[in-house]
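> Next comes the sequence, and after it the predicted model I'd like to discuss.
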Protein chains: 2
Amino acid sequence: MDIKSAVLQLSSIAQEARLEIFRLLVQTGLEGMPAGSIGETLEIPASTLSFHLKELSHAGLINSRQVSRFIYYSANYETMNGLLAYLTENCCAGVNDCGLSSACNPKERK
Amino acid sequence: MDIKSAVLQLSSIAQEARLEIFRLLVQTGLEGMPAGSIGETLEIPASTLSFHLKELSHAGLINSRQVSRFIYYSANYETMNGLLAYLTENCCAGVNDCGLSSACNPKERK
DNA sequence: ACAATGTTTCTATATTTATGGAAATATAGA
DNA sequence: TCTATATTTCCATAAATATAGAAACATTGT
């Protein structure tokens, strides 16, 4: 993971509408949801939604697949996990008990 | 955790200079680093650095403490863990094996 | 009190990002 | 082919963010 990709991914969820979309998809699972349903659920106008979905796709945090007239969007868990790992990488220089996936839990400073 | 805080926290690291600063501090540990050393390490002008440190502080992702003339900045692991948990919250609607801290690892769609 | 060092605030400018209506494109059913 | 539905692209406008020099402020040692 390089820093540019990480910034791109973080930027894509550092925005209220997009974070809502992303979390909705994370919770929805692999099946995903058609764009229209996302817009209806979150009350986002179609063109605005499309703009945000493109941002998330471009960052690689969501996937899409076409099913007849619908385009289903779903979270990309692999990218997401890569991002989380990047953020906690080398946590505390390994001094404390800082597992990668369980993030950081260093003891208080003496 | 509310969405506004999450967006604030994400925005604060969704920028190359700030992500570098944050990761440096995550890796440095609780001891932290004085502003000047951060700027020297990452080659960021003092006023620019100060602006970014303020953003990170405001979001709650870093702490600071004064030691004589130096101001030591360090990562706030608690805030960080809260953010990671928020992102993976309710992952996959619980259908698959998606532990909170170990993020999401759903099986392929059939 | 003065000088040196570390950090922040002020300021202007440049750049990037978000919004949503209208028009365009794509798919499918009658 | 015509029509309805789903989604995207185009566009203009509004708003937020990043940059860094200069000046100001704070702390410590002499």
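In hand now; what should we look at? Everything quoted here is computed from the prediction, not taken from an experiment.
> mind checking which helix or strand the residue in chain A positioned nearest to DNA strand D is in?
Going by Cβ to the nearest atom of the strand, DNA strand D is nearest to residue A:36 of chain A, at 2.3 Å. Any C-beta I mention is one placed from the backbone N, CA and C, and that applies to glycine too. Using DSSP states H and E, residue A:36 falls within helix A:35-42.
> For that helix, which helices and strands make contact with it?
Secondary-structure packing of helix A:35-42 (3 or more Cβ pairs under 8 Å, 6 or more residues apart in numbering or on different chains; DSSP states H and E): helix A:16-28, helix A:46-59, strand A:70-75.
> Alpha carbons of it, in CSV - could you do that?
Below are the C-alpha coordinates for helix A:35-42, written out as CSV (Å, rounded to 0.1, in the frame of the first residue of the first chain):
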residue,chain,number,x,y,z
ALA,A,35,-27.8,2.6,-6.9
GLY,A,36,-31.5,3.5,-6.8
SER,A,37,-32.1,1.8,-3.5
ILE,A,38,-29.0,3.4,-2.0
GLY,A,39,-30.3,6.8,-3.1
GLU,A,40,-33.8,6.1,-1.8
THR,A,41,-32.5,4.9,1.5
LEU,A,42,-30.2,7.8,2.1
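> Flag every buried residue along the one helix or strand in chain A whose mean pLDDT sits lowest.
The weakest-scoring helix or strand in chain A, judged by mean pLDDT, DSSP states H and E, is helix A:77-88 (a mean of 94). Neighbour counts over helix A:77-88 (16 or more other Cβ atoms under 10 Å in any protein chain shown) mark A:77, A:79, A:80, A:81, A:82, A:83, A:84, A:86, A:87, A:88 as buried.
> I'd like those as JSON lines, with distance to DNA strand D appended.
Below are the buried residues of helix A:77-88 laid out as JSON lines (distance: Cβ to the nearest atom of the strand, whole Å):
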{"residue": "A:77", "distance to DNA strand D": "20"}
{"residue": "A:79", "distance to DNA strand D": "18"}
{"residue": "A:80", "distance to DNA strand D": "20"}
{"residue": "A:81", "distance to DNA strand D": "24"}
{"residue": "A:82", "distance to DNA strand D": "22"}
{"residue": "A:83", "distance to DNA strand D": "18"}
{"residue": "A:84", "distance to DNA strand D": "21"}
{"residue": "A:86", "distance to DNA strand D": "18"}
{"residue": "A:87", "distance to DNA strand D": "17"}
{"residue": "A:88", "distance to DNA strand D": "22"}
